[in-house]
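Asker: here is the input, now give the coordinates:
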Amino acid sequence: GVVYEGTWRGLAVAVKTLLFPASQIGEAAAAGKPRAVTEAAMCLSLNHRNIVATYRYDVREVRTRQEEGCGLQVAGADGGDAAEAVAYKLFLVQELCDASMRDAADGNVFHDPATGWPLTALATVAFMDVASGLQHLHAKSIVHGDLKPDN
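Answerer: Numbering: from 1, shown residues only. Model prediction:
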């Protein structure tokens with residue numbers, strides 16, 4: 001997916017988009033909408049200090065246009081034209097994180113600025129926070145499919 005920075009109700013947020021294409025869903029393109037809604041419901045149900053909060057979601061149909069030279073379009077709230085849905089696009093409005101673990105590591109946050117020595121206690125707390133969030137997910141039978149320093 002793609003993540004955009006935005007504002008929602010006066011709050012700085014991240015807007016994450018995920019595409020659920022029909023080719024990955026099976027024969028019925030309509031099956032993509034329940035999958036997208038399930039993903040959104042899962043994100044909304046999570047409440048933990050070490051997991052990014054999800055505030056709202058929207059699901060839009062992605063349709064093909066019949067006119068020559070036109071590609072894909074995201075249908076409006078009314079469903080758009082009569083073209084067949086080829087996928088569903090999920091929009092998640094989420095808590096905005098100012099930095100990633102990669103940013104912290106690259107910025108030497110885990111090192112003493114005066115000596116350059118590692119701040120082991122600080123790094124341990126940061127990694128324990130990540131582990132705590134993962135433990136919460138696993139207790140709900142959820143596996144994070146994209147865990148990396150950049151997230």
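Asker: does the closest residue to Leu147 other than its chain neighbours sit in a helix or strand, and which one?
Answerer: Distances taken as CB to CB, 6 or more residues apart in numbering place Leu134 nearest to Leu147, at 7.4 Å, with adjacent residues excluded. The way it works is simple: take the backbone N, C-alpha and C, and place the C-beta from them, glycine included. Taking DSSP states H and E as the criterion, Leu134 maps to helix 120-139.
Asker: for that helix, packing partners?
Answerer: When contacts are defined as 3 or more CB pairs under 8 Å, 6 or more residues apart in numbering; DSSP states H and E, helix 120-139 packs onto helix 101-106.
Asker: coming back round to it: from Asp98, how far out is the residue nearest to Leu147?
Answerer: Distance, Leu134 to Asp98, using CB to CB, to the nearest Å: 21 Å.
Asker: between these two, which has more neighbouring residues?
Answerer: It is Leu134, of Leu134 and Asp98, that has more neighbours when counted by other CB atoms under 10 Å, with 17 against 6.
Asker: report pLDDT for the more buried one.
Answerer: We have a pLDDT of 96 for Leu134.
Asker: ok, it touching His144?
Answerer: Yes. In this structure, Leu134 is within contact of His144 by CB atoms under 8 Å, at 6.5 Å.
Asker: returning to that earlier point: which parts of the helix holding Leu134 are buried?
Answerer: Using 16 or more other CB atoms under 10 Å as the test for burial, helix 120-139 gives 123, 126, 133-134, 136-137.
Asker: roughly how far apart are the residue nearest to Leu147 and Phe127?
Answerer: 10 Å.
Asker: what are the contacting residues of the helix holding Leu134?
Answerer: 46, 48-51, 101, 104, 109-110, 143-144, 147 (CB atoms under 8 Å, 6 or more residues apart in numbering).
Asker: how far is that helix from where the chain is centred?
Answerer: The chain centroid and the centroid of helix 120-139 are separated by 19 Å under CA atoms, centre = their mean, to the nearest Å.
Asker: which residues sit against stretch 34-51?
Answerer: Residues outside stretch 34-51 that contact it (CB under 8 Å, 6+ apart): 18, 20, 25, 53-54, 57, 59, 88-90, 92, 94, 129-130, 132-133, 136-137, 140, 142.
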